[in-house]
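Q: what's the 3D shape of this:
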Amino acid sequence: MTEVERFELAPGYTISRLLKGGWHLAGGHGAVDRAAAIRDMAAFVEAGVTTFDCADHYTGVEEMIGDFRAAYPELGRQVQIHTKFVPDFDRLATVDRAYVEGIIDRSLRRLRVERLDLVQYYWWDLDVPGFVETALILQDLQRAGKIAYLGGTNYNVAMLQALLDAGIELIANQPQYSPIDMRPEGGLIQLCQAHGMQQLCYGTLVGGFFSQRWIGEPEPMGPFENRSLTKYKLIVEDFGGWDLFQELLRAMAGIGEKHGVGVPVVALRWVLDWPGVAGAIVGATSTRHLAENLRLFDFTLDANDLAAIQAITDRRTGPQGDCYDLERDKTGRHGRIMRYNQNAAE
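A: Modelled structure (predicted):
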């Protein structure tokens, strides 16, 4: 049986390097069979994928994980749960201690835990005061025992630096990172390494576009069957367009054939091999791809593999700018599809 690699994020706190993402269970990716999803969580843990990623605003997902822990108590004790604190955009100006503690207490209740393993903090707009002050409240709640560790998500270098300058201790950061989205290499990873922070990457499979099924297909123009494809098709366009992406798909398929794996597994191995990367988050609504994805721990990419990928990615045109700046721009093509106020609906 394949042994899942593990990483020590903090002394005594280890995670599986393949993380089970929860966004796909929150809606927008087809119907979810709740009972089956909870059974699937048990299968992931039994396979060695013990770290789950979710968020305060992923509708119903924290409760689902809490119900899994209740239904499978022995397996539940093996799980590390990473959630988030993402205040709604429209609430930023009025965020106070009561609001922050209320969200954290809600996550504790939903997950059925006494302490949150990792809370990944995000603030939509630095022009709205309260960014650092809110982080300090989270740090107070950490000292009070409600949170074990703090991390960041979707920050650019300036935002992350502001937190570090304020003395906020973060053990991890969650960026979007893949062979077609290398924005974290523009200074973010280097900053994190200098402060002992590791990357927990998402978007590595480009919402499902990194798959053999797209090789040789005409460029899809939408509407798409789920939110992931809608979001990541924009990244493909920024990367250099469908033709360049097809070149990369074919190259990665060739690499995968050499190692006996598929395109998604090549992409996962690529991101895990970068310095400063502790784990990759893969959204899953079922166990359908679990056995295939576990193959990423059976091989490594050699110098020729990496050179073949780089020969294509060196010709990319984007995405431009720092991490998540495109998505934060509410007037831009990326920002217009974002949901900025999901906690309000909870």
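Q: In contact with G283, which residues?
A: Taking C-beta atoms under 8 Å, 6 or more residues apart in numbering as the contact definition, G283 lies against 21-24, 29, 202, 228. The C-beta positions use only the backbone N, C-alpha and C, and glycine is treated the same way.
Q: out of those, which one sits closest to D322?
A: Comparing the contacts of G283 against D322 with C-beta to C-beta places Y202 closest, at 16.7 Å.
Q: so what's that closest one bridging to?
A: Q176 (DSSP bridges).
Q: And T14, by the same measure?
A: E8.
Q: close enough to count as contact, it and E5?
A: No. Between T14 and E5 there is no contact under C-beta atoms under 8 Å: 10.2 Å.
Q: Tell me where the protein has helices.
A: Under the criterion DSSP state H, the chain contains helices at 34-46, 61-71, 73-76, 97-111, 131-143, 157-165, 188-194, 227-239, 242-259, 263-272, 290-294, 303-313, 325-328.
Q: Highest mean neighbour count across these, which stretch is it?
A: helix 263-272 (a mean of 24; mean count of other C-beta atoms under 10 Å).
Q: Report the buried residues of stretch 78-94.
A: Buried residues in stretch 78-94, defined by neighbour count with 16 or more other C-beta atoms under 10 Å: 79-89, 92.
Q: Distance-wise, check R17 relative to L234.
A: Between R17 and L234 the distance is 28 Å, computed by C-beta to C-beta, to the nearest Å.
Q: Nearest to E217, out of the helices of the chain?
A: Closest among the helices of the chain, using C-beta to C-beta: helix 242-259, at 8.4 Å.
Q: Poorly predicted segments of the stretch 201-346 of the chain, please.
A: The stretch 201-346 of the chain contains residues with pLDDT under 70 at 344-346.
Q: Next, count neighbours for Y13.
A: Y13 has 14 neighbouring residues, counting by other C-beta atoms under 10 Å.
Q: Tell me who's in contact with Y340.
A: Y340 makes contact with 88-90, 124, 330 under the criterion C-beta under 8 Å, 6+ apart.
Q: at 7 Å what do you get?
A: With contacts defined as C-beta atoms under 7 Å, 6 or more residues apart in numbering, Y340 is in contact with 88-89, 124.
Q: From the chain's centroid, how far away is stretch 24-33?
A: 17 Å (C-alpha atoms, centre = their mean, to the nearest Å).
Q: same check, this time on stretch 180-196
A: The chain centre lies 15 Å from the centre of stretch 180-196; the measure is C-alpha atoms, centre = their mean.
Q: who's in contact with that stretch?
A: Residues from elsewhere that reach stretch 180-196 (C-beta under 7 Å, 6+ apart): 157, 160-161, 164, 173, 175, 177, 199, 203, 206, 235-236, 239, 245, 248, 276, 316, 319, 321-323.
Q: same thing but at 6 Å, please
A: Contact with stretch 180-196 is made by 157, 164, 173, 175, 177, 235, 239, 276, 319, 322-323, as judged by C-beta atoms under 6 Å, 6 or more residues apart in numbering.
Q: Quick check: mean pLDDT of that stretch?
A: In this model, stretch 180-196 has a mean pLDDT of 97.
Q: any idea how far S178 is from the residue positioned nearest the centre of the chain?
A: Closest to where the C-alpha atoms of the chain average out (C-alpha atoms, centre = their mean) is Y202, at 3.2 Å. With distances taken as C-beta to C-beta, Y202 is found 9 Å from S178.
Q: quick revisit: by pLDDT, give me the weakest of the contacts of G283.
A: H29 (61).
Q: I215: what's it in contact with?
A: By C-beta under 6 Å, 6+ apart, the contact set of I215 is L249.
Q: Repeat the analysis, applying 10 Å as the threshold.
A: 246, 249-250, 252-253, 263 (C-beta atoms under 10 Å, 6 or more residues apart in numbering).
Q: Taking those together, which two end up most distant?
A: Taking C-beta to C-beta, the two most distant members of the contacts of I215 are Q246 and V263; they sit 11.8 Å apart.
Q: and for these two, which residues touch both?
A: By C-beta under 10 Å, 6+ apart, Q246 and V263 have these common neighbours: 214-215.
Q: G240: neighbour count?
A: Neighbour tally, G240, other C-beta under 10 Å: 18.
Q: My read is that it contacts T313, right?
A: Yes. Applying C-beta atoms under 10 Å as the test, G240 and T313 come out as touching, 9.0 Å apart.
Q: which residues do the two both contact?
A: Listed as contacting both G240 and T313 by C-beta under 10 Å, 6+ apart are 180, 247-248.
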